[in-house]
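In: next one to model:
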Amino acid sequence: MKNPIATYLAEHLPQRAGFRQNSVQIAYAEAIGEALVDPAKIHFIEGDAGIGKSLAYQLALADWVARGRDKGRRGIVSTYSRSLQRQLLQPANLDIIHDYLRWQGLPQLRVGLRMGKQNYVCPQRLALHLGGVSLRHIAGDPQRPSQERQLAQWALESEGCLLDIDPALLPEGLRLADIALTHDDPMPEALQAHIEATQSCDLLVINHALLVVDLITRGNITQAQSSHALLLDEAEHYPDVAEEILSNRISVQATGYLLRQMKIRSCWPVWEALLESLTAPGRAGSAHALSKRESTLIGQSIQQLLRAKPRQASHDGDTWREWRRVRGAAEQIAARLREAHQHLALDYSPIKGLPGIVAHSSTAARSLKTGVADRVTLLTSATLSDMHHSPGAEPSFRYMRSRLQMPVGYKRCGLQRAFQATRFGQLRFRMPHGLPHPLRQCDDGTYILSSRYAERAIPHITAVPGRTLVLCASYADMSVLSDAWPASSRDRLVTHSPGAHLNEIANRLEQDAILLTPAGWEGLSPARQGDRTFWQHVVILRNPRPLPSQVERLLLEQRLCRSGMSQKNAARTAAGLLNRKEIVRTLHKLRQGLGRAIRHPDDTATLTLLDPRIPRPSGAPPEVGIRLMPNLLDAIPTRFMAAYRQADEGSTATHGSDEAESASRLKALL
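Out: Prediction:
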């Protein structure tokens, strides 16, 4: 019997405007369907950017859930980016799913979105920032500006998702972060009702952070029982999210402030003395193992805190919730101090060297194996594999398996497949040479985008007509580039504010607009307009290598030393292992970024790679102080390598060797 998903994708979907038959999408959907009937396994299924994998797996999940709905089947989709979460629930996507279910005579499904509390408005904090007694009072006050009254009314009537608000519409001086719920804030009634409704949805979309909590609490977030399928899109991010969620950190300074505010006199002098003792500007931006003396001082301070018995009635709700959080973290650190292998570190702030005590969870990613026997687990992404394989060779998923602690021969390892498009769109490369190093080193030792680099990069960004996407490595990069932007082309410039709904911003762009964002590397898929490519021009401003984790480096060194390795060899080995990990993560992000240019088989776009550390096909040498990184070429899909070899390498005017950053001052970061 022919797979109904394949039939729908091949014969019915192409009848809709903007869609056409895609053999790679069909093969990918068939693999998802094959995995769904193989429970108690973890399946690795990579799908190339732009082949339509999100729609394919939504259809496969909907089919699987609908056919077993009477048995209690549910589907959970976990993503890393907010933009992808919203993309999955776009009306056009849901209409296709409903159409497929009608065609197959299957029951319609309820689809819902659940995000973390920090994505929703806190009514009390919003009222406080607007200077009112309550939101109802503000909404009904005719003397107030209409903008404030509308905002208050929206917060009263909706579940309060902050992604529904354009930050530009907020009253002046108010940011989304100022009015967001914290983890300990009480839940508003509208949001509580929304969350309760999503717990019974047939298909539920959540994020990786909520998934971590759901797994370790055995379904507290999703209420999913044994008959469910869990699909992680952008799955390569899950290990890092899990480690962040399951690690505990206490700021020594903030804890001292809290103890003083709560007037716990038995503790605050001890913690202030600890702060004075551990603060080390010379260690700013680094992490260190605890010495015997530091362990003793921290242990004494932790025990003093745990012996304190403040009364809840003496403190407001926010203070009491913070006390409970700090006490919980202190209990975890106290337990680590009693262990032989503590996995503890001192993490220092980047400028003043203020200390934080970190109880790191280096094996957090194995939380995904919790309850694996009772579900189907699928990992997918455009960049799930290691990307270190020759054209035509089978990809490897060793990196992800190692992060999940799945050794070779692990009995629950299921399908391992990759689907790469062979003929999919046309890409023209521009790789100007002569650009300086993109980074400059600040006095505090940190690196930011060089303003001179930004000034020389802008002409290459504005030279190509049409709608342009500029992928920045951070909001700080975006700010430097925006500050250097010339007035002559300021009318084309659009910058992405943190928290704003990126796909909605993209869909409102004028045909000649230039969008700067650090959040569009993945999950950004605006609707194609007729037969025209949405992005005529995509720019990679610089290589998006993540900053190395000093805590992770230190803990890895400690583990290697305990295995019998010398300190010197442990440091060298740890640096090598983390470097390889960072290279894979960088290649993943670069590949995702390149995928923004081509989202449809008929798309034609120009891709400008500005970072001078990416080798030019002509072999043109870089400027002084820049080290070429040939492995970055692994991020370019095989089908575009011929276009890369024909790249336009128009040069950038140089301004003399006196402006070149010397190799001794600049580290040639990947």
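
In: contacts and neighbour counts: CA atoms only from here.
Out: Will do.

In: can you pull out the low-pLDDT segments for the stretch 201-350 of the chain?
Out: Flagging of the stretch 201-350 of the chain using pLDDT under 70 yields the residue ranges 340-342.

In: show me the contacts for Thr608.
Out: Thr608 sits next to Phe429, Arg430, Met431, His460, Ile461, His537, Val538, Val539, Ile540 when contact means Cα atoms under 8 Å, 6 or more residues apart in numbering.

In: so what's it scoring on pLDDT?
Out: Note on Thr608: pLDDT of 96.

In: now do Gln104
Out: Listed pLDDT for Gln104 reads 96.

In: need the phi and psi values for it.
Out: Backbone dihedrals for Gln104, given as degrees, to the nearest 10, come out at phi -90, psi 0.

In: distance of it from Ala62?
Out: Applying Cα to Cα, to the nearest Å, the value for Gln104 to Ala62 is 11 Å.

In: ok, these two, which is more surrounded?
Out: A count of neighbours by other Cα atoms under 10 Å puts Ala62 above the other of Gln104 and Ala62, at 26 against 13.

In: after the helix or strand where that one lies, which helix or strand is next?
Out: Here Ala62 sits within helix 53-67, counting by DSSP states H and E. For helix 53-67, the succeeding helix or strand toward the C-terminus, using DSSP H and E, is strand 74-79.

In: does Ala235 touch Leu378 like I think?
Out: No: using Cα atoms under 8 Å, Ala235 is not in contact with Leu378, being 9.1 Å away.

In: thinking again about what came up before, in the helix holding Ala62, which residues are buried?
Out: By neighbour count, with 16 or more other Cα atoms under 10 Å as the criterion, the buried positions of helix 53-67 are 53-66.

In: from the chain's centroid, how far away is that helix?
Out: On the basis of Cα atoms, centre = their mean, to the nearest Å, helix 53-67 is displaced by 24 Å from the centre of the chain it belongs to.

In: what is the mean pLDDT for it?
Out: Per-residue confidence for helix 53-67 averages out to 96 on the pLDDT scale.

In: next, the angle from it to strand 74-79.
Out: Between the axis of helix 53-67 and that of strand 74-79 there is an angle of 160 degrees, by axes from the mean of the first three to the mean of the last three Cα atoms, to 10 degrees.

In: residues contacting helix 53-67, please?
Out: 5, 25-26, 28-29, 32-33, 36, 47, 73-75, 88, 93, 97, 100-101, 106-109, 202-203, 229.

In: now swap in stretch 466-478 and tell me
Out: Applying Cα under 8 Å, 6+ apart, the set of residues contacting stretch 466-478 from outside is 448-449, 461, 495, 509-521, 534-545, 593.

In: so how far is stretch 323-335 from its chain's centroid?
Out: Using Cα atoms, centre = their mean, the distance from the centre of stretch 323-335 to the centre of the chain it belongs to is 27 Å.

In: pull out the buried positions in it.
Out: For stretch 323-335, a neighbour-count test (16+ other Cα under 10 Å) marks Trp323, Val326, Arg327, Ala329, Ala330, Glu331, Ile333, Ala334 as buried.

In: which residues does the last one contact?
Out: By that I understand Ala334. Gly299, Ile302, Gln303.

In: which one of those residues sits closest to Gln147?
Out: When these are compared for distance to Gln147 (Cα to Cα), Ile302 wins out at 47.6 Å.
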